[in-house]
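K.L.:
heads up, no residue letters with this:
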């Protein structure tokens, strides 16, 4: 059926990309679910998620099982199993018959219903293929890619699909060997999927996360551009130990020589050992000679003593050499003046200092780039490479930074709710049913604003009591604070959580636990904490008039922890210099940064958003490695 | 004068950021140049670009000179000069009087006109300050930052400004010591400014480049999001030698031990040397003893010989140690299993292979991130860290990649013309008057499409003749090709350009010169070159049916060189495997990438835009280090 010329403009869907195919979102994302397009001819492409064989009357929504039995799969996967079976039952016997497995029906289904997804939306399109069009066995395995042309019709079987595509022509098939495809099994746990970062975007969960991540990225650009901020590309390779708090990665080309010659070992030891071993041989010969010639004892004594010493030396060098080989590189004073940049360079920990240069010239500027921490942590919240959004604004103070940060968070949450409703719905069902409420709450609630000093007072009042019930169980009960909340009482399970791990005391950094407790338990909404003790924040935070606190801010959200950290920057050069001194930082590394205060300094402030944590918060997932396409963390990089 | 309540909505300008000030673009960027806002009270902030003292009747637009004489500046900058002058003229004598310099008029100007810029637009706001409001000497040096409140009035002096802000109150001043401020001198050449990457965004040129770069960035996101592409964050740290063509940076934490102990040298040598030196002392003592006791000669001979050997060994070790200290790291087999990621890691050269994983799951995806090349080049077109936009689309072929690339380039050019007209106008005047035409031409012309094979034929016909005129001059004249163009004949200047540096021959890569010649001289518009010999393009380009060429594409623009490179990717696993073999690449590094072809492979294509080159093209600048905020290139990183 050809499309009617008259209402083309109304019916035709925009392919929205440069492929000949139509993306499924254009069909399935319509308010009518695609029903208005029935009768149209489409080319669609995508990957088979599951298939239904109508003869088997599988209930709608349940993936049809393949005919292969468990034994068959084991056979195809494990040659040893095949061999063992052959020996057990004789090479001519059919395994299936011998094991009493019911053989598959010989007749092929004449039609297959494929659930196809192309990544543009959560929903799958039902694609009906008749066996006269193509051999169905090729099309049905999960993961098979197809590009097909067909007519959109109302669904021929009643089920979750209102429409289906009746295929006229198969334009492309990318086959899958069911037994070899890592994602053949449905709903693999996320930690297994992490091992297949090249394939996991084909799963509904990771695809949804990707779409939400993309939406959050775009909303970031829209928000800042709408607010007159200029985007600035900040360097990844830096010379400054920016924050002074984190472990850094080095960037170098110095190790290349070593790599190019795989047999190279340390030249020095080799030479030293060789010389000494030669010496030992000679000395041994000399000793033998002296012994043989029955020469004077004094000479022999000298020679023997010398041989002993030399042997000891050789032993020492050999041990050292062994140590080097075993445990790798030995610390040595490296001359970085011969490195690519003629000096030491690192991967950036934060672009803030660089961004300030542009704020102190152009007003409001932002950046969105990767930052790096070489922290040997296996935490589910820690990445070695993570993306950060940073804002800096000239002629602003702490209050302005707080307002912009709050607006930005709200904007992102609203944007995600509005633009990713299907993905949010899916993740609510699959991962965490609270995520939509959570985003809505951030978008609409007024954030709690409380100073660090008050936070300490609040947290000090939180007491976790230990109660002994019966013989076995200790239960911690929180004495309610201002009637806000009480700690969940679990009578049947031993609550292992005790009072805060770290003591709450003025002058000590707040821990994740403290921060979460404030947002999750006490205020139950985002909390802005400001004016921290100067010792717990970086040197560039502006010193308040009390001389004890700095104009820093953190925003903590319920179930998300601290998403934003920022503050007003110290614009007074004298104060900044004393702060650098107090922290014991190498001033010469910051001369370029100090220039901003020397020449036409202005008050300015800004913040950083931990973007990956924001995605974690928006998607409800619990491991940060599941929300970034190719996670890099300690001891963990795949490709 | 207070604003009239009635027409607030019409008159009030939106601060558009979180500062109390109004950005100047909101006043000066209006179609009426701000005249409609006369009478309004504003807080504005910015940096003084120049000032006018009306008493001196400086012509409008010319910066008033400071009172300080050249000698004064030299004095303040160079202590030695001060000392020399003091000796020459006696410490009590006034330099000025002794040199006959006219002393400045003692009376201060009662009013100063400051040209103030806040980075939001090219134009400056004229700010009038009366000396009753603030000491003017503090405000006038170039680079001084001010935050002031005042009333917008019509300009009191006729000149380039239609309006001015009459200051009521100074809210902030960030002073500048004229003699110390690197940007005090006007219109410093760009290569000097490169040394001050922290301050150069305060210059009009670098500010304009930054705004254009930001606009190009935003247009990129708008274009791809409008076309249904998802943004994907690609990793910076990778394990794969992605392209196989470029030098890479290593990412490591192995050198940290060396750095932490600045006095550390190679442990082995130190131990070795110590032992040996002890041995030498002992042996020397023994020899002396033997000599003193007039013992038998044989024992003395043995001891002496031994001492000599040991001395030789010490000398060898010492020399080796010296070599290590002097010339840095000595190649040693480094055990990367003890590194942070337990393997070798690099900075990414291109995100394409990773991006393909997401295309082969989600359809159309793009990325915008930093990429790295450790090429020891001092070229004005080469950066060690550069930003790249990458697109990959499933179910597409070469044609689709070409179409999307062409549309993207056109979109960016139109966007820049529409959104950065003032910056374009400024750069046209200051840098290159052809840039607007150039962008317009890309936005409107249909690109020339020509295969590599045809390009070779075209370029082969280009002949540069040498003609001898008179006694001295050789002139190269191009024999016209198809009437397209002739090489400019310069009779009065010796044309140094000869025939193409690299020979044009099928199977050889096109050089920058070839590419530019095609776009600049022959077609005078963007040229799309496609179907390259398989040897000159990476392994993943799709092999055409001829078995000799691959479906690669490059887009070359006049005066901009190759901005885009891309093509269709090889989706057939067997072909891909042979290509990897042909290139001699380590297959095991690509197993994850090969998975995309093993399981549900699809035709797909994409391209990369060299973003920094695009900015270079749009701004007309000639050195790529001037269009990226903090350039990193060989032997060159400042902060």
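P.N.:
Arrived safely, thanks for sending. Computed from a prediction, not measured in an experiment: that's the story for all the values here.

K.L.:
what's the biggest helix by length in chain A packed up against?
P.N.:
Taking DSSP state H as the assignment, the helix of chain A that covers the most residues is helix A:297-327. Applying 3 or more Cβ pairs under 8 Å, 6 or more residues apart in numbering or on different chains; DSSP states H and E, one finds that helix A:297-327 makes contact with helix A:267-292, helix B:267-292, helix B:297-327. In this view, the C-beta of every residue, glycine as well, is placed from N, C-alpha and C.

K.L.:
from memory residue A:156 sits against residue A:163, does it?
P.N.:
No. Counting by Cβ atoms under 8 Å, residue A:156 does not reach residue A:163; the two are 10.1 Å apart.

K.L.:
please say which of the two ends up with more neighbours.
P.N.:
Comparing residue A:156 with residue A:163 by other Cβ atoms under 10 Å in any protein chain shown, the one with more neighbours is residue A:163, at 19 against 14.

K.L.:
who's the more buried one bridged to?
P.N.:
Counting by DSSP bridges, residue A:163 forms beta bridges with residue A:154.

K.L.:
neighbours around the residue lying closest to residue A:164 once chain neighbours are set aside, how many?
P.N.:
Of all residues not flanking residue A:164 in the chain, residue A:126 sits nearest, at 4.0 Å (Cβ to Cβ, 6 or more residues apart in numbering or on different chains). The number of residues packed near residue A:126 is 24, by other Cβ under 10 Å.

K.L.:
with the one 10 residues further on instead?
P.N.:
The criterion is other Cβ under 10 Å. On that basis, residue A:136 has 18 neighbouring residues.

K.L.:
near chain B, which residues of the stretch 51-200 of chain A show up?
P.N.:
By Cβ under 8 Å from any Cβ of the partner chain, the residues of the stretch 51-200 of chain A that approach chain B are A:118-120, A:143-145, A:147, A:172, A:174-177, A:180-183, A:196-199.

K.L.:
what residues of stretch A:177-196 count as buried?
P.N.:
Neighbour-count burial for stretch A:177-196, counted by 16 or more other Cβ atoms under 10 Å in any protein chain shown, picks out A:178, A:181, A:182, A:183, A:184, A:188, A:190, A:193, A:194, A:196.

K.L.:
quick check, the third one in a helix?
P.N.:
No. Residue A:182 sits outside any helix when classified using DSSP: H, G, I helix; E, B strand; the rest coil, being coil.

K.L.:
now do the same contact list for it.
P.N.:
With contacts defined as Cβ atoms under 8 Å, 6 or more residues apart in numbering or on different chains, residue A:182 is in contact with A:195, A:196, A:199, B:595, B:599.

K.L.:
I figured the third one hits residue B:597, correct?
P.N.:
No. Because the distance of 11.8 Å does not satisfy Cβ under 8 Å, residue A:199 is recorded as not touching residue B:597.

K.L.:
what is the subsequent helix or strand relative to the helix or strand where residue A:576 lies?
P.N.:
Using DSSP states H and E, residue A:576 maps to helix A:573-582. Next helix or strand after helix A:573-582 toward the C-terminus (DSSP H and E): helix A:591-598.

K.L.:
buried ones in the helix or strand just after that following helix, by neighbour count?
P.N.:
As assigned by DSSP H and E, the chain's next helix or strand after helix A:591-598 is strand A:604-610. Residues of strand A:604-610 classed as buried by neighbour count (16+ other Cβ under 10 Å): A:604, A:605, A:606, A:607, A:608, A:609, A:610.

K.L.:
ok, then the element right after strand A:604-610?
P.N.:
helix A:611-619.
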